[in-house]
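Asker: Build me a model:
(one chain, ligands or ions: 2)
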Amino acid sequence: MPLRFYNTLTQALEEFQPLDGKTVRMYTCGPTVYHYVHIGNFRTFSFQDVLRRTLAARGFRLDHVMNITDVEENIIRNAKAARQTLREYTAQYTQAFLDDSAQLRLQRPEHIAFATEHIDEMVTAIQGLAASQHTYESDGSTYFRIGSFPQYGKLSHTNFSGNIAGARVEVDEYEKDDARDFVLWKAQKPGEPAWETPLGAGRPGWHIECSVMAMKYLGETIDIHTGGVDLVFPHHENEIAQSEALTGKPFARFWLHAEHLMVEGQKMSKSLGNFFTLRDILDRGYSPEAIRYLLISAPYHKQLNFTFEGLKAAATSIERLRNFQLRLANERFAEGGNPQLDQRAEDAIIAFHAGLDDDLNTADALAAVFEYIRDMNSEMDAGEFGASNAASAARVLAEFDAIFDVLRPTARDGALTDAEVDALVEARTQAKKARDFAKADQIRKDLLDQGVVLEDTKDGPRWKRK
Ligand code: AMP
Ligand code: ZN
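Answerer: Ligands and ions are numbered 1, 2, ... in the order given. The predicted structure follows:
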């Protein structure tokens, strides 16, 4: 079956091949590093990991760029409040993002590109747009004139004709039906950091950074551009306008967008405050594999509602997979085997990849694996599974784990999880009830040694981390 993706640009499922037949040139909008990245953001980054691994399983090489947005309003405001330079401030969150990505086993893109390290290239691009009459200046800032790009709206499938009034906007994000000229270069405001350039003292807008970094590393036409659905408009629409106005060539052939991670019907977002970071989740005693599994087990083009029940179910699913792997390794099966069961394994592998090839339908891919495991457990119980069938079963798990990567447990760093603290607090309560005060005191001291402070209140014991 051919590999097919839903392309936002054409609104159709299309067969995918890289332009040169071998290497997939792909660009991903990375995080804005003014805070810890939340697991909603990681849903989009995890989808990209599944995409990478699926392309690699197909034999393609990857040339993948992700940017880090390390200058924008929130960063400037927060760095100022923290009395740090932009670089000092963003370095800690960039590192946290890379650490969290590694914990979630997200393969690192071939290039990580920082906006502030590409200012010269952005200035050159803006000058190129100015030379071809796509820009104008106002109060020291430079704007892109969207009326100069007749195809504006082609990605978000909005017909803006007649609606383009020449109003302009300085902020980077705005509503979909509100087409406005957007800022390429922002004039310096008092007290803000700025770069002295031929465009004047200022800093780049968000949109230009992605166009410039994508084309610098990947060329004028790239194979795949990805991000979350909230980036379709205005960000990606603006990326297309800038890039194509500059080169006259199609900017990206395939646009893939991940649907949101939701919380009680609303998008998980920093601004709504309804978010969890990876650290929040790990502190509650869940493993990075459980959250990885949860984020990727639902197809990326469907919204996913985040709940702790869902996270527990993900952990249980991983246990089932690991138990099967253990059984394969430890059980003594009869000599020989049943060739039909090897065939069954091959069919499961084909069905697994067919799911992925169908626009990364991870739910179908998983169903194929779980159905196989259920059947093999029955065959093992019935004594039908022979020693020679173990190799094909191991192959199913290997094909699965090359994409899902959840079978290996993460080594723990020794910190107590919330669930472990709760269990110790309960053990102390029981010790007190049994009037074993020495034991109760010892538990309290042990907790303190591990950074957990326990207090007795009239409502019972309470604990917090130091
Ligand atoms: P940001 O740092 O806000 O630019 O977001 C980084 C990436 O995460 C972008 O691709 C966003 O589209 C994506 N994103 C933001 N919120 C969510 C969410 N709740 N679910 C899935 N992806 C999201
Ligand atoms: Zn971008």
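Asker: ranges for the strands of the stretch 351-466 of the chain?
Answerer: 452-457, 460-465 (DSSP state E, counting those that start in this stretch).
Asker: Find me the pLDDT at the residue of the chain positioned farthest from its centre, would you?
Answerer: Seen from the C-alpha centroid of the chain, the residue lying at the greatest distance (Cα atoms, centre = their mean) is residue 435, 50.9 Å away. Note on residue 435: pLDDT of 91.
Asker: With the flanking residues excluded, which residue is spatially nearest to residue 156?
Answerer: residue 233 (4.0 Å; Cβ to Cβ, 6 or more residues apart in numbering). C-beta coordinates here come from the backbone N, C-alpha and C atoms, glycine included.
Asker: Does the one you found touch residue 155 like I think?
Answerer: Yes. Under the criterion of Cβ atoms under 8 Å, residue 233 makes contact with residue 155 at 7.4 Å.
Asker: Give me the more crowded residue out of these two.
Answerer: Remark: of residue 233 and residue 155, residue 155 carries more neighbours, 24 against 21, as counted by other Cβ atoms under 10 Å.
Asker: wait, is the more buried one part of a strand?
Answerer: No. Counting by DSSP: H, G, I helix; E, B strand; the rest coil, residue 155 is located in no strand; its state is coil.
Asker: tell me the contacts of it?
Answerer: Residue 155 makes contact with 8, 9, 232, 233, 236, 237, 240, 255, according to Cβ atoms under 8 Å, 6 or more residues apart in numbering.
Asker: now do residue 76
Answerer: Counted by Cβ under 8 Å, 6+ apart, residue 76 has contacts 86, 192, 193.
Asker: List the buried residues of the strand or helix carrying it.
Answerer: Applying DSSP states H and E as the criterion places residue 76 in helix 73-81. Of the residues in helix 73-81, 75, 76, 78, 79 count as buried by neighbour count, 16 or more other Cβ atoms under 10 Å.
Asker: which one among those residues gets closest to ligand 1?
Answerer: Of all the buried residues of helix 73-81, residue 75 has the smallest distance to ligand 1: 10.9 Å, by Cβ to the nearest ligand atom.
Asker: where's residue 142, which helix or strand?
Answerer: Taking DSSP H and E as the criterion, residue 142 maps to strand 141-144.
Asker: so for that strand, what's the average pLDDT?
Answerer: When pLDDT is averaged over strand 141-144, the result is 96.
Asker: mind listing what it pairs with, with the direction of each?
Answerer: strand 135-138 (antiparallel), strand 181-187 (antiparallel) (DSSP bridges).
Asker: Kindly compare burial across the ones you listed and name the winner.
Answerer: Highest mean neighbour count of those: strand 181-187, a mean of 24 (counted as mean count of other Cβ atoms under 10 Å).
Asker: picking that back up, run through the buried residues of helix 73-81 and flag the ones next to ligand 1.
Answerer: Among the buried residues of helix 73-81, no residue is within reach of ligand 1 (Cβ under 6 Å from any ligand atom).
Asker: Give the bridge partners for the residue of the stretch 51-200 of the chain found nearest ligand 1, please.
Answerer: At 6.5 Å from ligand 1, residue 69 is the closest residue in the stretch 51-200 of the chain, using Cβ to the nearest ligand atom. For residue 69, the beta-bridge partners are residue 32 (DSSP bridges).
Asker: For it, list the residues it contacts.
Answerer: Here residue 69 is in contact with 30, 31, 32, 33, 75, 115, 206, 209 (criterion: Cβ under 8 Å, 6+ apart).
Asker: again, 7 Å this time
Answerer: 30, 31, 32, 33, 115, 206, 209 (Cβ atoms under 7 Å, 6 or more residues apart in numbering).
Asker: Keep these, but drop any that are not near ligand 1.
Answerer: By Cβ under 6 Å from any ligand atom, the members of these lying near ligand 1 are 31, 32.
Asker: sec struct for the residue in the stretch 301-450 of the chain that ligand 2 sits nearest to, please.
Answerer: Residue of the stretch 301-450 of the chain nearest ligand 2, by Cβ to the ion: residue 301 (19.3 Å). The three-state assignment at residue 301 reads coil, by three-state DSSP.
Asker: cool, and residue 254?
Answerer: strand.
Asker: next one: residue 62
Answerer: State at residue 62, reduced to three classes by three-state DSSP: strand.
Asker: Quick one: neighbours of it, just the number.
Answerer: 19.
Asker: what's the answer for residue 227, then?
Answerer: 24.
Asker: Got phi/psi on it?
Answerer: phi 170, psi -180 (degrees, to the nearest 10).
Asker: ok, so what distance separates it from residue 311?
Answerer: Distance of residue 227 to residue 311, computed by Cβ to Cβ, to the nearest Å: 25 Å.
Asker: again with residue 417
Answerer: For residue 417 relative to residue 311 (Cβ to Cβ), the value is 13 Å.
Asker: And for residue 320?
Answerer: From residue 320 to residue 311 the distance is 15 Å (Cβ to Cβ).
Asker: what's the answer for residue 137, then?
Answerer: On the measure of Cβ to Cβ, residue 137 and residue 311 end up 51 Å apart.
Asker: which one of residue 320 and residue 311 has more residues nearby?
Answerer: residue 311 (21 against 13).
Asker: what does the stretch 51-200 of the chain have sitting close to ligand 1?
Answerer: Residues of the stretch 51-200 of the chain lying near ligand 1 (Cβ under 6 Å from any ligand atom): none found.
Asker: which residues in the stretch 51-200 of the chain form helices?
Answerer: 73-81, 86-103, 119-131 (DSSP state H, counting those that start in this stretch).
Asker: what about stretch 17-37, near ligand 2?
Answerer: Yes. Residues of stretch 17-37 contacting ligand 2 under Cβ under 5 Å from the ion: residue 29.
Asker: Now for residue 67: which residues touch it?
Answerer: Residue 67 touches 29, 30, 113, 115, 209, 210, 213, counting by Cβ under 7 Å, 6+ apart.
Asker: And it, how close does it get to ligand 2?
Answerer: Using Cβ to the ion, to the nearest Å, we find residue 67 at a distance of 6 Å from ligand 2.
Asker: Thank you kindly, that will do.
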